Each structure stands twice: as C-alpha cells, then as structure tokens.
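1. got a predicted model here, sequence first, then my questions.
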There are 2 protein chains.
Amino acid sequence: MADGVVERSRPRDRILETARDMFHKHGIKGVGVDAITEAAGTNKMTLYRHFESKDELIVECLRANAAKAGAMWDVFEAEFPGDKLAQLHAWVRKAAAVLKADGRGCDMANAAAELTEPDHPARLVIKELKEAQRERLVTLCRDAGIGQAELLADTLSLLFEGARVSVQTVGTEGPSTQFVRMAEGLIVSFRGTAAG
Amino acid sequence: MADGVVERSRPRDRILETARDMFHKHGIKGVGVDAITEAAGTNKMTLYRHFESKDELIVECLRANAAKAGAMWDVFEAEFPGDKLAQLHAWVRKAAAVLKADGRGCDMANAAAELTEPDHPARLVIKELKEAQRERLVTLCRDAGIGQAELLADTLSLLFEGARVSVQTVGTEGPSTQFVRMAEGLIVSFRGTAAG
DNA sequence: TCTGGAAGTTACAGACCGGTAACACCCTAG
DNA sequence: CTAGGGTGTTACCGGTCTGTAACTTCCAGA
C-alpha cells in the first residue's frame, strides 16, 4: 500500500500521497495527523512545516485527486484522437471500471458529507472542482455531436455519482451493475434526437 | 429547531429526535453525545440508560429516518388510490421537493461515507434499508405497467441518489435542477417500450 | 571541511471524545 | 403517605485529537 510511497521521495509528497490514501479509505475525520505521518514514515512536525493545518492538507489532497482523475481525459484523447463519441464511450467504460474497483465513493462527495461547516475551505474547492469536471463532460458531449449536450452530461454525471453512492451503501451487486446499460441507452437516445 | 421536541415528551424520544436532527445537519462524527443530550434538554446518563452506545443510537436514528420516509408511500396511495403510474409521478415530484428543500444528502449515504469500518453495525442496517427502498420502487414501477421495471427503478434511484450528492457538493443550482426532466423523460421512454 | 536548512524526536498543551460511578431528586402508582 | 423507578447532577476515567516548543540529527552544497 502506501509503503511504496514511503521508500524515497520528499516528505511532503509522502505525506500527501499517504493522506490521500488514508482519507479515501477511512474518511477524513476517521484519520488523525499522527496516523498519517506515521504511515508516511515521518512525523507530525514535518507535516506542519509543509501544511499549515489539517484543513489545508485536506484541500491539497482533494486537488491532487482531481488532478490525477483529470489525466484520464488526455488518455481518452490519445486513445481516440478526435473521435469525441468514442471518447464518451470510453468515459462510460472508465466509470464502470471505477464502480467495480472501488467500494468507497467519490472523495469529494464523501468530504462534503463529512465537512458540514458551510465555510470550510474544502467546500469551496469541492464545488470548483466538481464544476470543472461537469464542464469537461458537457464539452465532450457537445463535441460528440449530441444535441442536448448539457442534459446528457448532467444525466450521466448524476447516474455515475448515484452509482458510486450505491456501491458504498448496498455494494457492487446492487443497482450500479446496470450503469453501463443505462449510460449507453441514454447516449443512444440522445443521439437519436441530435441536432447536428 | 429541536427546541420544539424538548418541551414535553419522554427523554428517549427527545434524544432520538434531537440526534436525528443533529446527525443530519452536522454529520455523525461531527456531533458528540454531550451535545445531543444538552440540545435534547437531558443528560448523558439518561442517554446511556436508553441506548447502550452511540453506535446503537446511530442505528436507531437511521431506522427512524427510514420509517418516516417510508410513510410517503402511504401518502401516494391515499392521493392516487390504485393509480400506480400517478404514484410514480408523485414519487418524482416528492424527490424533486427533497432536492430543493434539503442541502444535506441522504443520511444513510452520508453515514456510509463516515462509518468506514466494514463491520460497523450501521452498515448492515443501511444496506437492509436501502434494499427495502429499492424493492418498493421496483414494485411501484412494475405495478405501473412498466416493462423493464427493475431497470427503470434502478435508474431513477441512481439519478436521485446522484442528485442528492450533487446538491451537497455544487449546490441546488447544479445538475440536480434537471432531475424532474430526466426522470419524466425516462418514464416516458420506458412506457414506450412497455410489455403489457 | 564547514555550514545552514530540512527533517526527526520528545514532550507537552488544551480540548474533546465515549462511557461510567455514585448519589440526590422527584413524581407517580399503590 | 410511602416506596420505587425514572431522571438529573457531578465528577471522573482513559483515550484521542490538532497543534506547538525546544532540541538534536543529518545531509547536501559551497
């Protein structure tokens, strides 16, 4: 697990990677900074030299998550250069793979569930990052020639988000098993009414 | 707020109601038993005379939530006796109303995000209650004459679940605003392919 | 080889957590 | 009026939490 990260890299990077992993697995309030630093092979003072508080560490973890997830768009473009519809189908497959591989939900959604203070710094970046993700999917749908691109993108987003929650509550054998069928059906349906 | 509950009822009921309210607003790990009992106008000893632990209190809160939410099915039946399709549309309207009224997500989903221990007692009841909810919606879809009742019910479930998450992350002005249009479109679409 | 900054170590502060013990109180059913 | 159970009060236990202070060690670059 995180031991691979511990081996040799800068303490800041190790802390960030370990915190991402532990926050994801055990929740934010379920992990203390002591546990993070110990798993990262360092100590609390070093953490507080690089992050001014646990809250700032949380924010950095969320940003790092989004950056890592955002890389998939480049992969899609590399796999299907210029073919936006194929990239949309790739998104569906990627989403389904995430559903199968990971029983914990979306880190941003989980963080929003845990951090209820309306002015918590993480809330701002969660909103910002989620809106950016939405914009990307809308653009992909539009470039794929879908008529009501926003509506399809939002529908696919909500379906995926709901499926992630479902996996976390009833497991991988629940309604989320139908995600691909739902998504593909929607794309077909929206392609039928395309205005392009 | 919870003050209305404090006035006159048994301590156990006050504790349960107050805990439900506070868990919902601030999350489970964001509320201590001291805060609950104080808001309920009682004290910690009384809480532990009625609930053997905080975990058991959590479980009872989840059950109470589900019971309260489950009452809506009777309301639908009373409003549209025998007309299952009308009741399905009523479910959509009810879901949309919840999205507008409540910025916090589903308590069960939030609890699942917070309580990561695989053998936490709440996890069992969450799964149990979620599966019961799913069964109800499937039955309603089937009785409404929908061909692929399970698939429609699951799609609507995931859409609603996703919309609740979306409200919590990007707010009520995000993709969740399209929920009714999505859901109604799906019902129309599934009615078109109805089998009997 | 020397030096300066990054990192490790230990100890601690102050708050909060879930949970319990011992005891005083009050109100109602008999 | 009396007995007893439900309730309130206070104090406490051991543990954990975020965050800090003071000091030592290490290592790379000049």
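-> All right, it came through fine. Everything quoted here is computed from the prediction, not taken from an experiment.
2. check the burial of residue A:106 by counting its neighbours.
-> Applying other C-beta atoms under 10 Å in any protein chain shown, we find 25 other residues in the vicinity of residue A:106. Any C-beta I mention is one placed from the backbone N, CA and C, and that applies to glycine too.
3. can I assume it is in contact with residue A:161?
-> Yes - between residue A:106 and residue A:161 there is a contact under C-beta atoms under 8 Å: 6.7 Å.
4. okay, and the common contacts of these two?
-> Common contacts of residue A:106 and residue A:161 (C-beta atoms under 8 Å, 6 or more residues apart in numbering or on different chains): residue B:165.
5. now chain A, which segments are flagged as low pLDDT?
-> Residue ranges of chain A with pLDDT under 70: A:1-8, A:193-196.
6. buried residues, the longest helix along it. List them.
-> Looking across chain A with DSSP state H, the single longest helix is helix A:54-79. Using 16 or more other C-beta atoms under 10 Å in any protein chain shown as the test for burial, helix A:54-79 gives A:54, A:57-62, A:64-66, A:69, A:72-73, A:76.
7. farthest pair within these?
-> Within the buried residues of helix A:54-79, A:54 and A:76 form the most distant pair, 34.6 Å apart (C-beta to C-beta).
8. closest to residue B:36 among the buried residues of helix A:54-79?
-> residue A:54 (24.5 Å).
9. chain A against DNA strand D: which residues are in contact?
-> A:31, A:32, A:33, A:34, A:35, A:44, A:45, A:48, A:52, A:53, A:54, A:55 (C-beta under 7 Å from any atom of the strand).
10. buried subset of these as a PyMOL selection?
-> To isolate the buried ones among the residues of chain A next to DNA strand D in PyMOL, judged by 16+ other C-beta under 10 Å, type:
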select buried, chain A and resi 31+33+54
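11. which of the residues of chain A next to DNA strand D lies closest to residue A:19?
-> residue A:31 (7.6 Å).
12. the closest one: what's it in contact with?
-> A:19, A:22, A:23 are the contacts of residue A:31 under C-beta under 8 Å, 6+ apart.
13. what residues does chain A put near DNA strand C?
-> Counting by C-beta under 7 Å from any atom of the strand, chain A sits next to DNA strand C at A:10, A:11, A:12, A:41, A:42, A:43, A:44, A:45, A:46, A:49, A:50.
14. dump the residues you listed to CSV, plus secondary structure.
-> Output for these, formatted as CSV (DSSP: H, G, I helix; E, B strand; the rest coil):
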residue, secondary structure
A:10, coil
A:11, helix
A:12, helix
A:41, coil
A:42, coil
A:43, coil
A:44, helix
A:45, helix
A:46, helix
A:49, helix
A:50, helix
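15. what's the distance between residue A:12 and residue A:46?
-> 8 Å (C-beta to C-beta, to the nearest Å).
16. tell me where chain A has helices.
-> Here chain A has its helices, by DSSP H, at A:3-6, A:11-26, A:33-39, A:44-50, A:54-79, A:84-101, A:107-114, A:121-143, A:149-170, A:179-192.
17. and chain A, what are its domain boundaries?
-> A:1-51, A:64-192 (automatic domain parsing).
18. in CSV: the ones you listed, plus distance to residue B:124.
-> Below are these laid out as CSV (distance: least, C-beta to C-beta, whole Å):
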stretch, distance to residue B:124
domain A:1-51, 18
domain A:64-192, 11
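19. just name the most buried of these.
-> With neighbours defined as mean count of other C-beta atoms under 10 Å in any protein chain shown, the domains of chain A peak in mean count at domain A:64-192, which reaches a mean of 18.
20. now do the same end-to-end measure for that one.
-> 38 Å (C-alpha to C-alpha, to the nearest Å).
21. in this structure residue A:95 contacts residue A:183, no?
-> Yes - here residue A:95 lies in contact with residue A:183, judged by C-beta under 8 Å, at a distance of 7.3 Å.
22. which residues do those two both contact?
-> Both residue A:95 and residue A:183 are in contact with residue A:160, where contact means C-beta under 8 Å, 6+ apart.
23. check whether stretch A:144-157 contacts chain B.
-> Yes - Stretch A:144-157 lies within reach of chain B by C-beta under 8 Å from any C-beta of the partner chain, at A:151, A:153, A:154, A:155, A:157.
24. between the residues you listed, which sits nearest DNA strand D?
-> Among those, residue A:157 lies closest to DNA strand D (C-beta to the nearest atom of the strand), at 31.2 Å.
25. might you report the residue contacts of the closest residue to the closest one other than its chain neighbours?
-> Among residues not flanking residue A:157 along the chain, residue B:175 sits closest, at 5.5 Å (C-beta to C-beta, 6 or more residues apart in numbering or on different chains). Shown in contact with residue B:175 (C-beta under 8 Å, 6+ apart): A:134, A:153, A:154, A:155, A:157, A:158, B:163, B:166.
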